[in-house]
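S.K.: Here is the input, now give the coordinates:
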Amino acid sequence: MPVISIDAASDPRLADYRDLTDVSLRRVSEPAGGLYIAESAKVLDRALRAGHRPRSVLVQEKFLDDALALAGEDAEIYVVPAEVAEQVTGYTVHRGLLASMHRPILASVEDVVKDARLVVVLEDIVDHTNVGAAFRSAAALGADAVLVTPRCADPLYRRSVRVSMGTVFQVPWTRLPEWPEAKPLLQRAGLHLAALALAEDAVTLDAFAAAGHERVALLMGAEGDGLSRGALAAADTVVTIPMAGGVDSLNVAAASAVALWELGRGLR
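M.R.: The predicted structure follows:
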């Protein structure tokens, strides 16, 4: 693996790492079939264990041994001073290294949910932090898969990956089509669609868990707007988490943890 020292932030070989704090720029340079950024040795290790391939690694001298131990033979390793890393990325790189990774081809919905008993569906959640936190809950609390809608934030965006602690590489996931096509896909897979939402006809989470559905897809919407009409219409059951203290709902990341714990108890 080539180890290359670079001391200029303008070097074109660092283009993959430029302006990582700007989401609009990352959407241009991280297309669906292109690249994503893995941050820290732990995240890179999990990505590699999942079979993902690095294109290059950006690292400071003191973390070079970590990069050499992890990076594949084809990946170039760019060694830069701390100030150059900050100039390129737009922030102080505390976690040792960044890796520019080739995106894997997403599996079909049918393949991802084929043997799944508990699936999380994230609808139109645009906050990358919440997406990453939901993936971490899914991994920790026994979800078998995560599905994201077409307008949901990218699970492989740098912040999503970091907040998930690399569990986006651990839990199988893919993107759903729009609801008119997604609903029959999930129904053919034998999943009971449970929409987590506020509604007069909603059943409480503990009551729904006690019903003992063998395979469940838990639909979760964005904070504020909640689930769309399409998602609610697709649902077989609307489920709510009882609240106290005048609070009507939880942040989607917290709600996913509560719901997954309750629904997963019968599966663990």
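S.K.: which residues in the stretch 151-268 of the chain form helices?
M.R.: Taking DSSP state H, counting those that start in this stretch, the helices of the stretch 151-268 of the chain run over residues 158-163, 179-188, 205-210, 229-234, 252-264.
S.K.: now the stretch 1-150 of the chain
M.R.: Ranges of helices within the stretch 1-150 of the chain are 23-29, 41-49, 64-70, 82-89, 109-113, 128-140, based on DSSP H, counting those that start in this stretch.
S.K.: Can you tell me which of those is nearest to His102?
M.R.: Nearest of the helices of the stretch 1-150 of the chain to His102, taken as CB to CB: helix 41-49 at 10.0 Å. C-beta coordinates here come from the backbone N, C-alpha and C atoms, glycine included.
S.K.: helices and strands around that closest one, which ones?
M.R.: Here helix 41-49 touches strand 53-59, helix 64-70, strand 97-102, going by 3 or more CB pairs under 8 Å, 6 or more residues apart in numbering; DSSP states H and E.
S.K.: Of all the ones you listed, which one is nearest Ala85?
M.R.: Nearest to Ala85, of the helices and strands packed on helix 41-49 and by CB to CB, is strand 53-59 at 6.5 Å.
S.K.: buried ones in the closest one?
M.R.: Under the neighbour-count criterion of 16 or more other CB atoms under 10 Å, strand 53-59 has 54, 56-59 buried.
S.K.: residues making contact with stretch 247-261?
M.R.: Outside stretch 247-261, the residues that touch it by CB atoms under 8 Å, 6 or more residues apart in numbering are 118, 120, 122, 125, 129-130, 133-134, 137-138, 140-143, 196, 198, 205, 218, 220-223, 226, 239, 241, 243.
S.K.: circling back: want to try JSON lines for the helices and strands packed on helix 41-49, with mean pLDDT and distance to Lys42 as columns?
M.R.: Formatted as JSON lines, those follow (pLDDT from 0 to 100; distance: least, CB to CB, whole Å):
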{"stretch": "strand 53-59", "mean pLDDT": "92", "distance to Lys42": "14"}
{"stretch": "helix 64-70", "mean pLDDT": "88", "distance to Lys42": "10"}
{"stretch": "strand 97-102", "mean pLDDT": "90", "distance to Lys42": "10"}
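S.K.: how about these in TSV, adding distance to Val168?
M.R.: What follows is the helices and strands packed on helix 41-49, written out as TSV (distance: least, CB to CB, whole Å):
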stretch	distance to Val168
strand 53-59	16
helix 64-70	18
strand 97-102	11
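S.K.: related to what we said a few turns ago, can I get the helices of the stretch 151-268 of the chain in JSON lines including mean neighbour count?
M.R.: Converted to JSON lines, these look like this (neighbours: other CB atoms under 10 Å):
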{"stretch": "helix 158-163", "mean neighbour count": "22"}
{"stretch": "helix 179-188", "mean neighbour count": "16"}
{"stretch": "helix 205-210", "mean neighbour count": "17"}
{"stretch": "helix 229-234", "mean neighbour count": "16"}
{"stretch": "helix 252-264", "mean neighbour count": "21"}
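S.K.: Thanks a lot, catch you later.
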